[in-house]
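Novice: any chance you could fold what I've pasted below:
(one chain, ligands or ions: 1)
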Amino acid sequence: MPVPATVPVWRPDGSNLVVHADNADYLPTLPDNSFTMIYVDPPFNTGRAQRRQQTSMVRSIDGTGDRIGFKGHSYSTVKGMLASYDDVFEDYWEFLAPRLAEAWRLLTDDGTLYVHLDYREVHYVKVMLDALFGRDSFLNEIIWAYDYGARAKTRWPAKHDNILVYVKNPSNYYFDSAGVDREPYMAPGLVTPEKAALGKLPTDVWWHTIVSPTGREKTGYPTQKPEGLLRRAVTASSREGDWVLDFFAGSGTIGAVAAKLGRRFVCVDQNPQAIDVMKARLGPYC
Ligand SMILES: C[S@@+](CC[C@H](N)C(=O)[O-])C[C@H]1O[C@@H](n2cnc3c(N)ncnc32)[C@H](O)[C@@H]1O
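Specialist: Residues are numbered from 1 along each chain as shown. Sure, this is the predicted structure:
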């Protein structure tokens with residue numbers, strides 16, 4: 001579907017944007033190589049009817065017909081194998097793969113993609129991203145560990161999310177950990193007082209509380225992620241003035257973080273409630 005005429009046009013020298021649109025319609029309107037960082041936190045339940053379909057080829061993202069791969073990588077075989085035992089994933093692949101292919105196109109050559117998932121989807125999406133970006137573009141799997149809610153007694157309680165990180169060009173990506181918040185040493189007595197005061201660089205396991213139900217950050221949007229989590233990622237993977245994109249933006253956490261760190265942002269969501277929340281939260285920055 002064409003994007004409505006009311007949707008603002010993005011310009012590299014323009015203002016921050018909150019966009020109400022289906023990202024499948026909106027992303028193709030953005031020019032190549034425009035965003036240094038893209039963060040997405042996609043829904044697993046896409047709301048589409050489940051279809052059982054054995055696909056051996058992947059539809060071209062530009063609609064010109066079937067083709068075997070993207071960026072020279074063949075992923076049709078992998079997809080067919082996955083689809084043969086999980087038709088829910090088949091549907092998810094159809095939903096997510098063209099959007100993540102757009103993310104690859106929209107990243108600058110030194111850009112980085114963060115995809116926020118949980119233990120149910122992460123392994124499938126890792127395979128998808130390996131096919132789309134190439135395995136050599138995989139940078140990290142960040143584990144966001146939290147401790148909240150009931151604890152299952154029949155298995156290990158799942159208390160983490162997974163964030164897959166891919167770079168567009170593994171030999172030329174921007175990453176600067178210098179400004180990132182540091183963590184306390186577990187045994188500060190074992191290091192010098194200077195080191196203990198400075199703290200240590202975070203690893204790929206990030207302990208962080210969920211958005212407090214009574215805290216100032218809470219917007220009321222059900223899937224809101226904490227700013228502290230995204231602050232680390234935005235700080236390391238973009239510079240001041242760079243453009244950051246979230247095309248499953250929800251309450252606009254990435255926009256709030258980007259603006260506070262002097263980055264520019266585009267936040268896209270198709271849900272009118274998300275747009276209302278973002279307008280209230282990000283209005284002063286737009
Ligand atoms: C898990 S939430 C994102 C939450 C966000 N990270 C935050 O901190 O608030 C996923 C969002 O994707 C949006 N969404 C789902 N399908 C979409 C589509 N096709 N185009 C744009 N937004 C979509 C949903 O409306 C929802 O707000």
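
Novice: shouldn't residue 124 be in contact with residue 95?
Specialist: No: applying CB atoms under 8 Å, one finds residue 124 not in contact with residue 95, separated by 11.9 Å. Backbone N, C-alpha and C define where each C-beta goes, glycine included.

Novice: more neighbours: which of these two?
Specialist: Using other CB atoms under 10 Å, the more surrounded residue of residue 124 and residue 95 is residue 124, with 19 against 16.

Novice: so the more buried one, which of the three states?
Specialist: Put simply, residue 124 is helix when judged by DSSP: H, G, I helix; E, B strand; the rest coil.

Novice: list the contacts of residue 219.
Specialist: With contacts taken as CB atoms under 8 Å, 6 or more residues apart in numbering, residue 219 has the following neighbours: 251, 277, 280-281.

Novice: the residue in the chain that the ligand sits nearest to: neighbour count?
Specialist: Using CB to the nearest ligand atom, the closest approach of the chain to the ligand is made by residue 250 at 2.5 Å. By other CB under 10 Å, 22 other residues sit near residue 250.

Novice: what residues does stretch 22-35 touch?
Specialist: Contacts for stretch 22-35 (CB under 8 Å, 6+ apart): 1-3, 7, 9-10, 12, 19, 98-99, 102-103, 105-109, 111, 242-245, 247-248, 266, 268, 270.

Novice: does that stretch reach the ligand?
Specialist: Yes: interface with the ligand: stretch 22-35 contributes 22-24 (CB under 6 Å from any ligand atom).

Novice: kindly reformat these as CSV containing distance to residue 237 and secondary structure.
Specialist: Converted to CSV, these look like this (distance: CB to CB, whole Å; DSSP: H, G, I helix; E, B strand; the rest coil):
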residue, distance to residue 237, secondary structure
22, 26, coil
23, 20, helix
24, 25, helix
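
Novice: out of the residues you listed, which end up buried?
Specialist: Neighbour counting with 16 or more other CB atoms under 10 Å marks residue 23 as buried within the residues of stretch 22-35 next to the ligand.

Novice: could you dump the residues of stretch 22-35 next to the ligand to JSON lines with pLDDT?
Specialist: Shown next, in JSON lines, are the residues of stretch 22-35 next to the ligand (pLDDT from 0 to 100):
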{"residue": "22", "pLDDT": "96"}
{"residue": "23", "pLDDT": "97"}
{"residue": "24", "pLDDT": "96"}
